[in-house]
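Take this sequence and fold it.
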Amino acid sequence: MVDYHAANNQAQYTSGGQQSYMEQENDWDRDLLLDPAWEKQQRKTFTAWCNSHLRKAGTQIENIEEDFRDGLKLMLLLEVISGERLPKPERGKMRVHKINNVNKALDFIASKGVKLVSIGAEEIVDGNAKMTLGMIWTIILRFAIQDISVEETSAKEGLLLWCQRKTAPYKNVNVQNFHISWKDGLAFNALIHRHRPELIDYDKLRKDDPVTNLNNAFEVAEKYLDIPKMLDAEDIVGTLRPDEKAIMTYVSCFYHAFSGAQKAETAANRICKVLAVNQENEHLMEDYEKLASDLLEWIRRTIPWLENRIPEKTMAEMQQKLEDFRGYRRVHKPPKVQEKCQLEINFNTLQTKLRLSNRPAFMPSEGRMVSDINGAWHNLEGAEKGYEEWLLNEIRRLERLDHLAEKFRQKATIHEGWTDGKEAMLTQKDYETTSLSETKALLKKHEAFESDLAAHQDRVEQIAAIAQELNELDYYDSPNVNARCQKICEQWDTLGALTQSRRESLERTEKQLESIDELYLEYAKRAAPFNNWMEGAMEDLQDMFIVHNIEEIQGLITAHEQFKATLPEANKEREAIQAIQAEVQKIAQYNGIKLAGTNPYTTITPSSIDSKWDKVQKLVPQRDQALQEELSRQQSNDHLRRQFATQANMVGPWIQNKMEEIGRISIEMNGTLEDQLTHLRQYEQSIIEYKPNIDQLEGNHQLIQEALIFDNKYTAYTMEHLRVGWEQLLTTIARTINEIENQILTRDAKGISQEQLHEYRTSFNHFDKDHSGTLMAEEFKACLISLGYDVENDKQKRTGIMDSDDFRALLISTGNSLGDAEFARIMGIVDPNNSGAVTFQAFIDFMSRETTDTDTADQVIASFKILAGDKNYITAEELRRELPPDQAEYCIARMAPYSGPDTVPGALDYMSFSTALYGESDL
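This is a model prediction of the structure:
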């Protein structure tokens, strides 16, 4: 038999030497236990308490001193409440077997740091009620009350302080002890209402009706809180001073019931927080996928349109194509530029949130990476640039073609008019019946025709040359032009052959014809070239022209002025020719000669000369007016060039200056991150306010294109360069702001101080020699060393910024080489895409990750285990009871069925679900 008697009358812990949770219970208050009312209360309370635990093992007791005598149920009770296995009990019916079983139970109690006073196995086996109640009270103290701790008080004092805290707000409740303070029942009801207000209508309770109050509290606790009824209301009310141990036992059940609920609530809150973060991240991922798909689809549809190089036949159709392209640049593309920028911002923000919540990085669907979108965008801009250049070249080509075609038609019409009837004239045989003088006249006339024919040779060659150029420029109506040119050339060859044939016929008869009118001959010889000159002048005066600048139109004006200077001399020639004809008339009249009518040597009459001369006189001022109008147009175009150049020469340097300033801001460290963010947003607003200048420049550019101006000697800037610069400026300021916002997120989430961020930025900028905003691998390695990071030991040791001598010594001591394996691991974290460059955001993410802690899968598993009541699985019913509806359904839909040996129908595996949340397995 084990001796449980001790000289010391105090129960103490075996470790630490501290006083026990009950100060001198004086052998369980032996004298007080003699009070029958108190003994009755203890029997009832202790029996109910024991049964609340024994029922978990499928048994119970009826009589507390009788049912524990063999030690079997006593050992079973200790196994249930401790969760430990006791030595195997003896199953014999003899007294020694019972004593041995009770001793095993008492040994176990003693092993938990409790010294039993005056309690032996024989008394328990003999059914000593006082000793049995004392033993049970010791067990209750050790396993139900000892671990209660409130503000560094424990056991009885801690339980009393907890009751006082919870009931403080309630009227008529003043808990000062564990006997009189509980007689009216209000304290029990207040505890329940404080934690479960929906179970009790506290305002309807009356202090003068303690029986009703007590029964209400006991019944609600038994029904809803799984606390068995340990006392009757009459037992408490009918006693002057209720038993303190019974009340403490009863109240401790309330404490454990509500503390378990609080743990479940805390666990549920943790799970809700984790699930909310996961749901938000999934929503951001879905938004990114949709926005990326829409943008890529728009690019896929737009590129074939920009790559279409099928030219139109007319100028109007090509100008409509140019107008459509303007609409694309000014209306359709700008929103897509904003969408692309927003897509990159959303992607960076999502990755930052995933890193901060210890989630794996987001990998978009194949073909929807940011690099894929940038590549597609680059292809779009390449097609766009080539399309605009092709449009302008086509417009120039069509303009040239229209001019040449009109010139061909004019010259062909004039030539066809001149050749009309010439074949009939050359094939007639009028010389066979003429006199000698008439024959000679015919011969002279033919000579004049030959002179005229030779003069028209240049025009025929010009017509052929224009037709050839139209063919080379792929004029759409080339077949008709070629047919007309071919007809003219064939007719010209025929005229040449007929002319030669007629000359030969006239020369054969020339010997018989000698008479000739010298005056007619002189008239004809002088009239023919003059007539050709007038026809050429009329053709030149009506010739269309196209110029592209002031110098070219001024050259035409100068040539026209030179032509006008020759008119007085030409008029003298006309007067001289007309004088010859007048002399003919005078001689004929004087000599009484009857003229045959017209000049036999030429068909050019004086009236036709005067008529053509009058037409030349009228065409000269018309030509003057046309040239002056073109001069005004070119002056207007020059004004447009100067106007565009003046503004472009201001906007271009402004954009370049802003880009350089943003670059400086991004690497400088003036003020806190919030100050930098405010500065950048103000800077962004000033850039946005500059947008009207860009719009005005676009308007001037449109005027230039509408005027078909293709060059500008006053500026080196083009609208395309300025558009690209403006779009890059907007994108750069947006990205810079996003980087600062992500730094703030990282700082706040990881608890990084402003001094740490300043230290990180100073080191980063020191090694960023080219101010590119990134560090190459060797620069990043040197930066880590400068911060005192020892990658050989897989930990970061911060020593601050080193001066140049210390840094040089450190590099020498380490051989200027970090551990290859550790540095490769670090590069895999900061540069997952193997680009060879480390951004500042990746740098501070790494530094913060190495110095802070985050939620882990093990923490979430522990929270689920609390909700599941220490089981290895959880049910849908438990999830719906502990979590909000939407998050409970989220878990149920994603948790795999549990397949362990202790599974039950509907069991769910919360462990694999928790590891999947942190990327350690798949959902």
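
Can you give me the buried ones in stretch 452-465?
Using 16 or more other C-beta atoms under 10 Å as the test for burial, stretch 452-465 gives Asp452, Leu453, Ala455, His456, Arg459, Val460, Ile463, Ala464. Placement of C-beta: from N, CA and C, glycine included.

for this structure, longest helix please?
helix 244-307 (DSSP state H).

Check which element follows it along the chain.
Next along the chain after helix 244-307, taking DSSP states H and E as the criterion, comes helix 315-327.

same question for that following helix, mean pLDDT?
For helix 315-327, the mean pLDDT works out to 74.

just checking, what packs against that helix?
In terms of contacts (3 or more C-beta pairs under 8 Å, 6 or more residues apart in numbering; DSSP states H and E), helix 315-327 is packed against helix 370-419, helix 691-706.

Show me where the stretch 201-350 of the chain dips below the pLDDT cut-off.
Across the stretch 201-350 of the chain, the ranges flagged by pLDDT under 70 are 260-266, 269, 312-313, 315.

how much space between the residue nearest to the spatial centre of the chain and Pro364?
For the chain, the residue nearest the mean C-alpha position is Leu343 (1.2 Å; C-alpha atoms, centre = their mean). Taking C-beta to C-beta, to the nearest Å as the measure, Leu343 falls 10 Å from Pro364.

roughly how far out does the longest helix of the chain sit from the chain middle?
Helix 244-307 sits 23 Å away from the centroid of its parent chain (C-alpha atoms, centre = their mean, to the nearest Å).

next one: stretch 231-249
Centroid separation between stretch 231-249 and its chain, computed with C-alpha atoms, centre = their mean, is 70 Å.

how about that stretch as CSV, C-alpha atoms only?
Provided in CSV are the C-alpha atoms of stretch 231-249 (Å, rounded to 0.1, in the frame of the first residue of the first chain):
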residue,chain,number,x,y,z
LEU,A,231,-27.5,20.7,-8.0
ASP,A,232,-31.2,21.3,-7.4
ALA,A,233,-32.3,24.8,-6.8
GLU,A,234,-33.9,23.8,-3.4
ASP,A,235,-30.5,22.5,-2.3
ILE,A,236,-28.9,25.9,-2.7
VAL,A,237,-31.9,28.0,-1.5
GLY,A,238,-32.6,25.8,1.5
THR,A,239,-29.1,26.2,2.8
LEU,A,240,-27.9,29.2,4.8
ARG,A,241,-24.5,29.0,3.1
PRO,A,242,-24.2,26.8,0.0
ASP,A,243,-21.2,24.4,-0.2
GLU,A,244,-18.2,26.3,-1.8
LYS,A,245,-16.7,23.2,-3.4
ALA,A,246,-20.0,22.3,-5.1
ILE,A,247,-20.4,25.8,-6.4
MET,A,248,-16.8,26.0,-7.6
THR,A,249,-17.2,22.6,-9.4
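
Next, the residues that contact that stretch from outside, please.
Contacts to stretch 231-249, defined as C-beta atoms under 8 Å, 6 or more residues apart in numbering, come from residues 37-38, 40-42, 44-46, 48-49, 137, 140, 144-145, 156, 159, 177-180, 182-183, 185, 210-212, 214-215, 218, 230, 250.

Please identify the buried residues of it?
Residues 231-233, 235-236, 239, 242-249 are the ones in stretch 231-249 that count as buried (16+ other C-beta under 10 Å).

Tabulate these (TSV), appending distance to Ala527.
What follows is the buried residues of stretch 231-249, written out as TSV (distance: C-beta to C-beta, whole Å):
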residue	distance to Ala527
Leu231	149
Asp232	152
Ala233	149
Asp235	154
Ile236	151
Thr239	157
Pro242	152
Asp243	154
Glu244	152
Lys245	152
Ala246	151
Ile247	148
Met248	146
Thr249	147
